[in-house]
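A.B. asks: 3D model of this:
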Amino acid sequence: MNFPRELVEAVRRNQVVPFVGAGVSMGVKQGMFPSWKQLLEGLAERMTDEGLPESAVTEVRQRIAQGDFLTAAERAFTELGAYRFNRFLRERLRVRQPTDADLRVIRALWELRPPVVLTPNYDDVLLWGREDAEPVSNDQDDELNLMDAEASPDTPRVWYLHGTIHRLGTLVLAGADYKRLYGDTGQPSSYSQYTNALVRLRSWIQAKPFLYMGFSFSDPYVLKQLEHVIGITKGRQIPSFALMKKGQIDRGALWPKYNIQLVEYEDHGEPLAEFLRGLAQAAFGSRRPGGAPLSFSTPPAAGDPPTVARPTLEQEYTRILRSQHRLVLLAPEDGGARSLARRVAAQYGDRVTWLAPPNVPDCTEAEYCRALAGDDENASSVTSFDALVAHLRKKAASLGRDHLIVLRYEWGPFEHLTALGRHLRRMMDEPSSSVEFHFLIAGGERSAWLLHNMKSFSVFKDAPRREVPDLTVDEVHQFLDGAGFDGSRWAQSVHEATGGHLGLLREVLSSDGALDTATVTARLARSPSLRSTIHECLRQDERNGYTGERSCQGVLEKLLAGQPVRELEPLDNQVEYPEVRLYFAGLVRSDKAGKTTLRCKAVEQAVREALARKDVRP
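C.D. replies: Purely as a prediction, here's the structure:
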């Protein structure tokens, strides 16, 4: 294969910046991820399903046909509202790595050893090929500032230029979102809510060779940044490169206008992967710097992680619900509260209603209540809390006997949640001849805060509560067996490495590698989600002015130094205490003696690294 010498040298010096578009994600598994156009067509179909005006649906389809994708997305967002729009995106783009995913191109890309990979995609595909890569979004100014200094081939970053599906507030999808990043032509040229990101993007285009792949060069805002840089440098910036399938684009479309050299490969899939591996070999030889061979292990075949049967807990919680009509289950983030709630709800058969309050800050009462009613029949007529109560009563009466309402609460408008709590309490207290309501609230830090601070007449006030305990070794054994692993061999080591935390256990099984304690600990310590959780706790300190003993940082520093901190049980889930906030973040737990400790060695390693970083403030 013939590779441009300048590209080979840039790869060898770890200077090249891969810019990975949607084509790469779509190649991982046919039909798993939609194209830009398919995503918008799906939004138009969802508008029809929701009974929105045909004129609005027609306008979106016309915009798609004209190639005006940004306006189409903007109109779909306006008509569907933030809650339904975001739910659609989650359904289409937030997916777990399938066991038959073709990651040959992704893994070959990482063999180029780039310190940073930049992508306008929203999915996790790049992280599937390199689990220790750290995701960075445009609103993380500190992380952006540290990329030049700290990103390296051994500690790479994935810069999500248009946001990540795991943080919907960062997404750049509709026209208004693009203006938030790239600026508004009606504003001064420096206008951008993500000024740091935009300035960094332009400086990198000017100073670093980009390697575009899976990118169609149809995004007008990205092209505008290329034109901006070329206008400033008069075309004298470092050339970039575009990997394209033969015959897909003419060389003259890229070089004269954008200073991008076309590099062609034979076909998508294995030919592209072979091309990338050849480029890596041309730059580094057949072995990585330091003599380690280039290799990746294959993940074991396993289905979706199973739920864990916990019959003693399920029976106890069902008994409380039937005798006291309500119960709050509290657990750390991803600690199993929702899984346990699902198993308790199964004992009610079809006499269950799930309420998931929308996380939309500015929604009206009508939008909030319609979202709670979901896809039930006549949900469109539910435009107030009184109408919601009538709707729930009618549904329960049609099924008969006792009826369970499961409330899964995270965030959203507090005034609406207050009203919801009052109306649910009214449903519980007002007698009915045909049905008796039970209420199960499954949550974490926010639900704990409500228990202590909801002063009004509410289903939250003085509700009985139970902690969801960590998984035991036997339960980890059951989980591993259900996922296709040898539980008898690995349960003890995986339990030790995860501290029995369900979310960490699922993360372990979502990636490849051995299941001994040391390997799992090392893998979790590099986990982007774990590191992100730690940094969010530290940023929460900063936002709220928590210092000293009131700060998570202060508690973590004491634990690392072997010093005692407050025990969790006497604090009674009061989130005013940093120990409690760290518990709900999944970072600390109580040991057998009741002392507060770091959850596991992986958390200890990740915390130690986070506190040593330059961007942590006192």
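A.B. asks: contacts, neighbours, all on C-alpha from now
C.D. replies: Fine.
A.B. asks: pretty sure residue 29 contacts residue 104?
C.D. replies: No - Residue 29 sits out of contact with residue 104 when judged by CA atoms under 8 Å, with a separation of 11.3 Å.
A.B. asks: So between the two, which is more surrounded?
C.D. replies: Neighbour count, other CA atoms under 10 Å: between residue 29 and residue 104, residue 104 has more, with 20 against 15.
A.B. asks: residues contacting the closest residue to that one other than its chain neighbours?
C.D. replies: Nearest residue to residue 104 in three dimensions, chain neighbours excluded: residue 273, at 5.9 Å (CA to CA, 6 or more residues apart in numbering). Residue 273 makes contact with 104, 105, 106, 108, 109, according to CA atoms under 8 Å, 6 or more residues apart in numbering.
A.B. asks: Swap in 7 Å and give it another go.
C.D. replies: 104, 105, 108 (CA atoms under 7 Å, 6 or more residues apart in numbering).
A.B. asks: Then residue 366?
C.D. replies: Under the criterion of CA under 7 Å, 6+ apart, the neighbours of residue 366 are 383, 384.
A.B. asks: Can you get me a residue count around residue 461?
C.D. replies: 17.
A.B. asks: for it, helix, strand, or coil?
C.D. replies: Put simply, residue 461 is coil when judged by DSSP: H, G, I helix; E, B strand; the rest coil.
A.B. asks: residues of stretch 129-145 that come out buried?
C.D. replies: Buried residues in stretch 129-145, counted by 16 or more other CA atoms under 10 Å: 129-139, 143-144.
A.B. asks: biggest separation within these, which pair?
C.D. replies: Pairwise distances across the buried residues of stretch 129-145 (CA to CA) peak at 24.4 Å, for the pair 129 and 139.
A.B. asks: coming back round to it: and of the buried residues of stretch 129-145, the nearest to residue 167?
C.D. replies: Nearest to residue 167 out of the buried residues of stretch 129-145 is residue 137 (CA to CA; 9.1 Å).
A.B. asks: What's opposite the closest one in the beta bridge?
C.D. replies: Residues in a beta bridge with residue 137, per DSSP bridges, are residue 160.
A.B. asks: who are the neighbours in contact with it?
C.D. replies: Applying CA under 7 Å, 6+ apart, we find residue 137 in contact with 159, 160, 161, 163.
A.B. asks: Turn the residues you listed into TSV, including neighbour count.
C.D. replies: Converted to TSV, these look like this (neighbours: other CA atoms under 10 Å):
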residue	neighbour count
159	25
160	23
161	22
163	24
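A.B. asks: separation between residue 611 and residue 534?
C.D. replies: 9 Å (CA to CA, to the nearest Å).
A.B. asks: And these two? Which one has more around it.
C.D. replies: residue 534 (23 against 18).
A.B. asks: tell me the SS of the more buried one?
C.D. replies: Once three-state DSSP is applied, residue 534 turns out helix.
A.B. asks: about what we covered before: buried residues in the host helix or strand of the residue nearest to residue 104, which are they?
C.D. replies: Using DSSP states H and E, residue 273 maps to helix 270-284. Across helix 270-284, burial judged by 16+ other CA under 10 Å covers 272-284.
A.B. asks: now swap in stretch 591-611 and tell me
C.D. replies: 596-607, 610-611.
A.B. asks: pLDDT averaged over that stretch - what is it?
C.D. replies: The pLDDT scores in stretch 591-611 average 93.
A.B. asks: how far out from the middle of the chain is it?
C.D. replies: The chain centre lies 23 Å from the centre of stretch 591-611; the measure is CA atoms, centre = their mean, to the nearest Å.
A.B. asks: And the contacts of that stretch?
C.D. replies: 497-499, 521-522, 524-525, 531, 534, 559, 565-568, 587-590.
A.B. asks: Ends of it, what's the gap?
C.D. replies: Using CA to CA, the end-to-end distance of stretch 591-611 comes to 23 Å.
A.B. asks: Please export the C-alpha coordinates of the helix or strand hosting residue 420 as CSV.
C.D. replies: Secondary structure assigned from DSSP H and E places residue 420 in helix 414-429. Provided in CSV are the C-alpha atoms of helix 414-429 (Å, rounded to 0.1, in the frame of the first residue of the first chain):
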residue,chain,number,x,y,z
PHE,A,414,-39.5,20.7,41.5
GLU,A,415,-42.9,22.5,41.6
HIS,A,416,-44.4,19.8,39.4
LEU,A,417,-42.9,17.0,41.5
THR,A,418,-44.4,18.7,44.6
ALA,A,419,-47.8,18.8,43.0
LEU,A,420,-47.4,15.1,41.9
GLY,A,421,-46.5,14.1,45.5
ARG,A,422,-49.7,15.8,46.9
HIS,A,423,-51.9,14.2,44.3
LEU,A,424,-50.4,10.7,44.8
ARG,A,425,-51.0,11.0,48.6
ARG,A,426,-54.6,12.0,47.9
MET,A,427,-55.0,8.8,45.8
MET,A,428,-53.6,6.7,48.7
ASP,A,429,-55.7,8.3,51.4
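A.B. asks: For the first helix or strand past it going along the chain, which outside residues touch it?
C.D. replies: Under the assignment DSSP H and E, the closest C-terminal helix or strand after helix 414-429 is strand 435-443. For strand 435-443, the surrounding residues in contact (CA under 7 Å, 6+ apart) are 321, 325-331, 337-338, 341, 396-397, 400-410, 428.
A.B. asks: Keep only those of the residues you listed that are in strands.
C.D. replies: Counted as lying in strands by DSSP state E, out of those, are 326-330, 401-408.
A.B. asks: Among these, which pair sits farthest apart?
C.D. replies: The span of the ones in strands among the contacts of strand 435-443, defined through CA to CA, is set by 330 and 401 at 27.1 Å.
A.B. asks: Between these two, which is the more surrounded one?
C.D. replies: More crowded of residue 330 and residue 401, by other CA under 10 Å: residue 330, with 25 against 14.
A.B. asks: I'd like to know how far the more buried one sits from residue 403.
C.D. replies: Plainly put, residue 330 is 21 Å away from residue 403 if you go by CA to CA.
A.B. asks: And for residue 441?
C.D. replies: Remark: distance between residue 441 and residue 403 (CA to CA) = 14 Å.
A.B. asks: Then residue 540?
C.D. replies: Separation of residue 540 from residue 403 (CA to CA) stands at 39 Å.
A.B. asks: any low-confidence regions in the stretch 251-400 of the chain?
C.D. replies: For the stretch 251-400 of the chain, applying pLDDT under 70 flags the ranges 251-253, 256-257, 286-307, 359-362, 374-379.
A.B. asks: where exactly do the strands run in the stretch 501-618 of the chain?
C.D. replies: Taking DSSP state E, counting those that start in this stretch to define them, one finds strands in the stretch 501-618 of the chain at 588-590, 596-598.
A.B. asks: do the stretch 251-400 of the chain as well
C.D. replies: Counting by DSSP E, counting those that start in this stretch, the stretch 251-400 of the chain has strands at residues 260-265, 326-330, 352-355.
A.B. asks: which of those strands sits most buried?
C.D. replies: Across the strands of the stretch 251-400 of the chain, averaging neighbours per residue (mean count of other CA atoms under 10 Å) puts strand 326-330 on top, at a mean of 25.
A.B. asks: Just the residues contacting it, thanks.
C.D. replies: So strand 326-330 is contacted by 320-321, 337, 438-444, 463-468 (CA under 7 Å, 6+ apart).
A.B. asks: burial of residue 3, as a residue count?
C.D. replies: 14.
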